[in-house]
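Visitor: Structure for this input, please:
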Amino acid sequence: MTRVRTVLAMRAREGCEQRFESEWLSAAEKIRTLDGCLRQDLVRDADDPRSYLIISDWADRERLDAFGHSGHRDDLMRVIRDLRESAQRHTYQVLHSVRSEPEESR
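Guide: Down below sits the predicted model:
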């Protein structure tokens, strides 16, 4: 099985940025407990504070798809959907990862 990474680009509705971030964090805390979820990140565009990327790593495509098609996902993401203008999702297979040196050895 191959690890996968999803990248979900979202644009928050004007004035909803703080609530969007808060609701994402609340949902992410629940999603992180699911089988196969390895990591989640919310990043904001440095030049456009309404544009975000939600990046998540999953152990394999099967577990990601099981979550993606679940009612549980719909429940967790319902509020976030109401706070966004747009969303676009891509899923990638992680082929290689190269880490930098740990902080202590620099």
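
Visitor: Which stretches in this structure count as helices?
Guide: Applying DSSP state H to the chain gives helices spanning 17-31, 61-68, 71-82.

Visitor: Adding mean neighbour count, distance to His90 and mean pLDDT, write those helices out as CSV.
Guide: C-beta here means a position set from N, CA and C on the backbone, and glycine is covered the same way. Formatted as CSV, the helices of the chain follow (neighbours: other Cβ atoms under 10 Å; distance: least, Cβ to Cβ, whole Å; pLDDT from 0 to 100):
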stretch, mean neighbour count, distance to His90, mean pLDDT
helix 17-31, 15, 18, 94
helix 61-68, 16, 12, 93
helix 71-82, 14, 17, 84
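
Visitor: With distance to Arg99 as extra columns, can I get those in JSON lines?
Guide: Output for these, formatted as JSON lines (distance: least, Cβ to Cβ, whole Å):
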{"stretch": "helix 17-31", "distance to Arg99": "22"}
{"stretch": "helix 61-68", "distance to Arg99": "23"}
{"stretch": "helix 71-82", "distance to Arg99": "30"}
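
Visitor: Next one, pLDDT for Glu103 please.
Guide: Glu103 is assigned a pLDDT of 64 by the prediction.

Visitor: make that Gln93, sorry
Guide: pLDDT, Gln93: 95.

Visitor: Ok, Gln88 next?
Guide: pLDDT, read off for Gln88, is 95.

Visitor: same thing with Arg106?
Guide: So Arg106 comes in at 52 (pLDDT).

Visitor: Next: Asp41.
Guide: 97.

Visitor: ok, back up a step: the helices of the chain: which one's closest to Met1?
Guide: Of all these, helix 61-68 sits nearest to Met1, with 7.4 Å by Cβ to Cβ.

Visitor: and the angle from that closest one to helix 17-31?
Guide: Comparing the axes of helix 61-68 and helix 17-31 via axes from the mean of the first three to the mean of the last three Cα atoms, to 10 degrees yields an angle of 120 degrees.
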